[in-house]
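Provide a 3D model corresponding to the input given below.
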Amino acid sequence: MINDPQGTILTLFLIFCRVGGCMMVLPGFSSARVPPQIRLLVAVAVSMAVMPLLWDTTYPRVTGASQLAFLTLILGETAIGVMYGMIARFFSLGLQFTGSVLTQMIGFSAPPTPDILEDAAENQLTNLISFGGLMVLFAMDFHHMILKAVIDSYGQMPVGGEIHIQKLLITLTDTVQATTLIMLRLSSPFIIYGLMFNISVGLVNKLAQQIPVYFISTPYLIAGGLFMLYLSIAAMLRLFGDAFPTIFLKL
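Residues are numbered from 1 along each chain as shown. Have a look, this model is predicted:
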């Protein structure tokens, strides 16, 4: 029997703010292909599942809180949840950056098509790489790791405690920095390949200026780049998946 129905509902809503804020931007769950009703029901179900674990931490903050104080709690909990979700989202968006660099360096400039995950238009290779990376993250149960981190965050950032906005922003900027370095490392073979190929073609063009080198070399550039991608995409996605725990746990 529930002794305090109002306090129970408010506690559940406060937990939902942190969990739902995380899932609102979490890769895969925040995709435009997932209906909003499904995302809402999943967030509510997870909030109800973890509420017994967080009852002693959250319920005392709800009882006796004024409307202004409760509104402040809602904003703070949502900001913390969004921060944890944005760490994973920045890391997954980095693979789109890798795909864009890769396609540019191998000369694969096909017309963009609708993105598999979002409504924006992307190159076919970028779609393939980003979708493959997301499948690897789900195969590694990255959402369990993030959910555990969100639950553990109640010990580090308790409900009603002081929220350090500067620390949150520093965490996000460190995530972007670390993600950029990892994605440049993944795309470095294709960057070197594109530079070497274009320098070689430029030297050939200087020796034989009457030959339309650009139209002759482009098919070889694309074919070589696709062959490199065929040989390295498995290793690329494996390194991408292995790098996620190091980024998330370090931050």
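
shaky segments in this protein?
Scanning the chain for pLDDT under 70 picks out 1-2, 65, 249-251.

how does it look with 90?
Applying pLDDT under 90 to the chain flags residues 1-15, 17-18, 20-40, 42-43, 47-188, 194-195, 197-226, 228-251.

in it, which helix is the longest?
helix 165-207 (DSSP state H).

what packs against the following helix or strand past that helix?
Going down the chain from helix 165-207, the next helix or strand is helix 213-250, by DSSP states H and E. Applying 3 or more Cβ pairs under 8 Å, 6 or more residues apart in numbering; DSSP states H and E, we find helix 213-250 packed against helix 67-105, helix 124-139, helix 142-156, helix 165-207. (C-beta placed from N, C-alpha, C; glycine too.)

buried set for helix 213-250?
Neighbour-count burial for helix 213-250 flags 213, 217, 221-222, 225, 228-229, 236-237, 240-241, 243-244, 247-248 (criterion: 16 or more other Cβ atoms under 10 Å).

and it, how far out from the chain middle?
For helix 213-250, the separation from the chain centroid amounts to 19 Å (computed by Cα atoms, centre = their mean, to the nearest Å).

again, but for stretch 190-206
On Cα atoms, centre = their mean, the centre of stretch 190-206 falls 33 Å from the chain's centre.

and if you look at stretch 160-169?
21 Å.

can you check stretch 39-56 too?
With Cα atoms, centre = their mean, you get 22 Å for stretch 39-56.

helices or strands next to the longest helix of the chain in the packing?
Using 3+ Cβ pairs under 8 Å, 6+ apart, helix 165-207 sits against helix 67-105, helix 213-250.

figure out which of the helices and strands packed on helix 213-250 is closest to Pro5.
Pro5 sits nearest to helix 67-105 of all those, at 16.1 Å, using Cβ to Cβ.

buried residues of that closest one, list them for me.
Here helix 67-105 shows 73-74, 76-103, 105 as buried, counting by 16+ other Cβ under 10 Å.

ok, the very next helix or strand once past it: who's next to it in the sheet?
Sequence order places strand 113-114 as the next helix or strand after helix 67-105, per DSSP H and E. Strand 113-114 pairs in its sheet with strand 121-122 (antiparallel), by DSSP bridges.

which residues touch the closest residue to Ile165 other than its chain neighbours?
Using Cβ to Cβ, 6 or more residues apart in numbering and skipping the chain neighbours, the partner closest in space to Ile165 is Ala79 (7.8 Å). For Ala79, the contacting residues are 21, 163, 165, 168, by Cβ atoms under 8 Å, 6 or more residues apart in numbering.

so the second one touches Met157, yeah?
Yes - Ile163 is within contact range of Met157, at 7.0 Å (criterion: Cβ atoms under 8 Å).

who's more crowded, the two?
Met157 (20 against 16; other Cβ atoms under 10 Å).

spatially central residue for this protein, please.
The centre of the chain sits closest to Arg89, judged by Cα atoms, centre = their mean, with a distance of 2.0 Å.
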